[in-house]
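In: I'd like to go over a predicted model; first the sequence, then the structure.
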Amino acid sequence: MTFQSHSPTLTCSHSHRGVRLADVISVWHQRRALRSLDDAALEDLGLTRREAWAESRRAFWDLPQRFRG
């Protein structure tokens, strides 16, 4: 993975397009927020505590498919 200083985009040799740095940061914040949700909020989202914990521990560069080309 390389960072292009002229653009806020990370590029990977195996992807068809760059990933916006803002998306990486947003996903990282969302995953961290999952850890602080109570059981009622997790139930509203349809997640178990174990699923939320597993998602929150994913690497920041491991983005959902919608962010990839």
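Out: It's in. Numbering: from 1, shown residues only.

In: From the structure, what's the count of residues near the nearest residue to Val24 once chain neighbours are set aside?
Out: Closest residue to Val24 apart from its sequence neighbours, by C-beta to C-beta, 6 or more residues apart in numbering: Phe60 at 5.8 Å. C-beta: built from backbone N, CA, C; applies to glycine. Phe60: 12 surrounding residues under other C-beta atoms under 10 Å.

In: gap between Phe60 and Leu37?
Out: 19 Å (C-beta to C-beta, to the nearest Å).

In: again with Gly18
Out: Gly18 is 31 Å from Leu37, by C-beta to C-beta.

In: after the lengthiest helix in the chain comes which helix or strand?
Out: Assignment by DSSP state H gives helix 21-36 as the longest helix of the chain. Next in sequence after helix 21-36, counting helices and strands by DSSP states H and E, comes helix 39-45.

In: what's the burial count for Ala22?
Out: Under the neighbour criterion other C-beta under 10 Å, Ala22 is assigned a count of 10.

In: check contacts around the residue nearest to Val24.
Out: Contact analysis of Phe60 by C-beta atoms under 8 Å, 6 or more residues apart in numbering lists 24, 27-28, 31.

In: I'd like those residues laid out as JSON lines, including neighbour count, distance to Arg50 and pLDDT.
Out: What follows is those, written out as JSON lines (neighbours: other C-beta atoms under 10 Å; distance: C-beta to C-beta, whole Å; pLDDT from 0 to 100):
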{"residue": "Val24", "neighbour count": "17", "distance to Arg50": "25", "pLDDT": "90"}
{"residue": "Val27", "neighbour count": "19", "distance to Arg50": "20", "pLDDT": "91"}
{"residue": "Trp28", "neighbour count": "16", "distance to Arg50": "20", "pLDDT": "91"}
{"residue": "Arg31", "neighbour count": "17", "distance to Arg50": "15", "pLDDT": "92"}
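
In: can you list those in TSV and add distance to Thr48?
Out: Formatted as TSV, the contacts of Phe60 follow (distance: C-beta to C-beta, whole Å):
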residue	distance to Thr48
Val24	26
Val27	20
Trp28	22
Arg31	16
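
In: And the pLDDT at Asp44?
Out: On pLDDT, Asp44 comes in at 97.
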